[in-house]
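Enquirer: From the sequence below, what's the structure:
(2 chains)
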Amino acid sequence: MSAHRPPHIPASEITPREIYMSRRSFMGTAAAGLLIGGAGGALAAPLTASPSAFKVDEPLTPKEAVTTYNNFYEFGVNKEDPSQNAGDFKPTPWSVKVEGMVGKPKEFGLEELMKIPLEDRTYRLRCVEGWSMVIPWIGFPLSALLDQVEPLGSAKYVAFETVVRPEEMPGQKGFFQPLPWPYIEGLRLDEARHPLTILAVGLYGETLPNQNGAPIRLVVPWKYGFKSIKSIVKISLVEQQPQTTWKNANAREYGFYSNVNPAVDHPRWSQATEQRIGEGGFFGAGRRPTLPFNGYAEQVASLYAGLDLKANY
Amino acid sequence: MAVLPTLPRRYHSASIWMLYVIGLCPAAWYFYLAATGGLGFNPVKEFEHLLGIWALRFIIATLAITPLRDLAGINWIRYRRALGLLAFYYVLMHFSVYALLDLRLDLGAVGGDIAKRPYITIGFACLLLLLPLALTSNNWSIRKLQQGWNKLHKLVYLIAAGGAFHYVLAVKSVTLVPFIHIALVVLLLAYRPLRRPVLNWRRGKPALRPAR
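Expert: Got it, this is the predicted structure:
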């Protein structure tokens, strides 16, 4: 089953230049609006993006589910916590530092990142907990950003870091914090450069809601959801495998790779099937089989040729 | 040192039946919410987890009866059977929702989980251990089994420890809510070996009597 439709794009779908350019000027206005309205963190602004060939042919998960059923421990550990507790979070102004083994380290302002051509990417998302969604993201390939900083030959991995703001993120305050902060994730450089790997700035045609990782997050659709780190402030090109948060918390259960793999069970539950959120309701909630690499095997399996996926879970 | 007004004897039986009714309310309420879309976007898991947490709460309540009498002078022993049976009903519902609604009665998957996943093995063992306790929760069994009944029902300590452990293993990280439940189980279990010395001390007797 292929998720990648051959990139045959009819001319009618190619956005005419004037509209495409007007999107940019619109984006400028939208970004300015965001800056002026700085304090109003949760305001969603409409976003436009060009269609892409990366599209899953399955019903979308309802927007309400995508924005209220979240794992974002910085706002609390229950699924409804992020949408309820993220109201004070301020996603603007924002900047992302890109550093480490790069020729041109740089701190990118959000407005600058938004100028990279945005694409619609409808991906499956498979959580390590055994549920899944289909989400229409808006973003750009991570490689487009990496190209701008010119990674050195010695760089082997990319490390990502989430913002730490206990005053705006209640999950980072008080006793019994579930994880040490900042949240760290990482990819091999070739995984980071893969065309499926994007930095998302929106979903369902709007800027990202706070609970979904505003203003900018990673989306790696063939890996379990926790790899797709949210609210990124730092990206480092490094030589050693990054010390990622869940792996450090419990290496037996959460590996560095964490590729979606129905054949490798989580020590505490099976990964063979998944519950598609928003489907079937209470009585008809059937589980569906989980696909290798979350259905993206055709595109990404070659990255792992010769690698023992059972040992490198 | 009774701190509560005593309930007249004639209301005892009615109050026990009330406890059953009230005790089953959370399950009924959550079932209604789940069936009408009020439990979020993963209602089966949510319902399953809520039933499990309530089962543990009734186990905790069962274990609290003795220290409540020892330390606060409140004698609610007449409610203990109902609390224990409610715990059993919730464990049974918890397992049924998991097997029926979550795994769609895929017995292979249920068996595989029980065999391979330690927390499910423990949870299932607790359900099995609760069975003899539930079946002997009647006056006839108490008379028939005599001292054996007391011994048999000490299994609840093992079940409580297993239930708490099942909970620890089932969550991704132990946050405040799991911590409170587990701490209560630990405290109530830790009270048992301390009970004799505590009672002796309260009665003003030396904890250890020198042998003559």
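Enquirer: Which other helices and strands does the longest strand along chain A contact?
Expert: What stands out as the longest strand in chain A, according to DSSP state E, is strand A:131-141. Here strand A:131-141 touches helix A:63-68, strand A:119-126, strand A:198-203, strand A:273-276, going by 3 or more CB pairs under 8 Å, 6 or more residues apart in numbering or on different chains; DSSP states H and E. Where you see a C-beta, it was placed from the backbone N, CA and C, and this is true even at glycine.
Enquirer: Can you tell me which residues in chain B are near chain A?
Expert: B:34-35, B:37, B:39-45, B:47, B:101-104, B:109, B:112-113, B:116-119, B:169-170, B:172-176, B:179 (CB under 8 Å from any CB of the partner chain).
Enquirer: Just the buried ones from the residues you listed, in PyMOL syntax?
Expert: Only the buried entries of these go into this PyMOL selection, using 16 or more other CB atoms under 10 Å in any protein chain shown:
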select buried, chain B and resi 34+39+40+41+42+43+44+45+47+101+102+103+109+112+113+117+119+169+170+172+175
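Enquirer: Looking at the residues of chain B next to chain A, which are in strands?
Expert: Filtering those for strands - DSSP E - leaves nothing at all.
Enquirer: out of the helices and strands packed on strand A:131-141, nearest to chain B?
Expert: For the helices and strands packed on strand A:131-141, proximity to chain B was assessed by CB to the nearest CB; helix A:63-68 is nearest, at 4.2 Å.
Enquirer: pLDDT on that closest one, on average?
Expert: Across helix A:63-68, the average pLDDT comes to 96.
Enquirer: gap between the closest residue in space to residue A:47 that isn't next to it in sequence and residue B:91?
Expert: Distance criterion CB to CB, 6 or more residues apart in numbering or on different chains; nearest residue to residue A:47, sequence neighbours excluded, is residue A:202 at 4.2 Å. Separation of residue A:202 from residue B:91 (CB to CB, to the nearest Å): 45 Å.
Enquirer: related to what we said a few turns ago, show me the residues of chain B next to chain A that map onto helices.
Expert: Members of those lying in helices (criterion: DSSP state H): B:34-35, B:43-45, B:47, B:109, B:112-113, B:116, B:118-119, B:169-170, B:176, B:179.
Enquirer: Least confident secondary structure element in chain B?
Expert: Counting by mean pLDDT, DSSP states H and E, chain B has its least confident helix or strand at helix B:107-116, which shows a mean of 91.
Enquirer: where along chain A do the helices fall?
Expert: Here chain A has its helices, by DSSP H, at A:17-36, A:63-68, A:81-85, A:110-114, A:142-149, A:189-193, A:245-249, A:297-300.
Enquirer: Which of those has the lowest mean pLDDT?
Expert: helix A:17-36 (a mean of 50).
Enquirer: need the contact list for the residue positioned nearest the centre of chain B.
Expert: Taking CA atoms, centre = their mean, the centroid of chain B lies closest to residue B:59, which sits 1.5 Å from it. By CB atoms under 8 Å, 6 or more residues apart in numbering or on different chains, the residues touching residue B:59 are B:87, B:156, B:159, B:160, B:163, B:185.
Enquirer: List the contacts of whichever residue of the stretch 101-250 of chain A sits closest to chain B.
Expert: Residue nearest to chain B within the stretch 101-250 of chain A: residue A:178 (3.9 Å; CB to the nearest CB). Residues near residue A:178 by CB under 8 Å, 6+ apart: A:73, A:77, A:171, B:172, B:173, B:175.
Enquirer: Grab the nearest non-local neighbour of it.
Expert: Ranked by CB to CB, 6+ apart and with sequence neighbours excluded, the top spatial neighbour of residue A:178 is residue B:173, at 3.9 Å.
Enquirer: So which residues on the stretch 1-150 of chain A come close to chain B?
Expert: Going by CB under 8 Å from any CB, the residues of the stretch 1-150 of chain A near chain B are A:64, A:65, A:68, A:69, A:73, A:77, A:79, A:80, A:129, A:131.
Enquirer: State the distance from residue B:182 to chain A.
Expert: According to CB to the nearest CB, to the nearest Å, residue B:182 stands 12 Å off from chain A.
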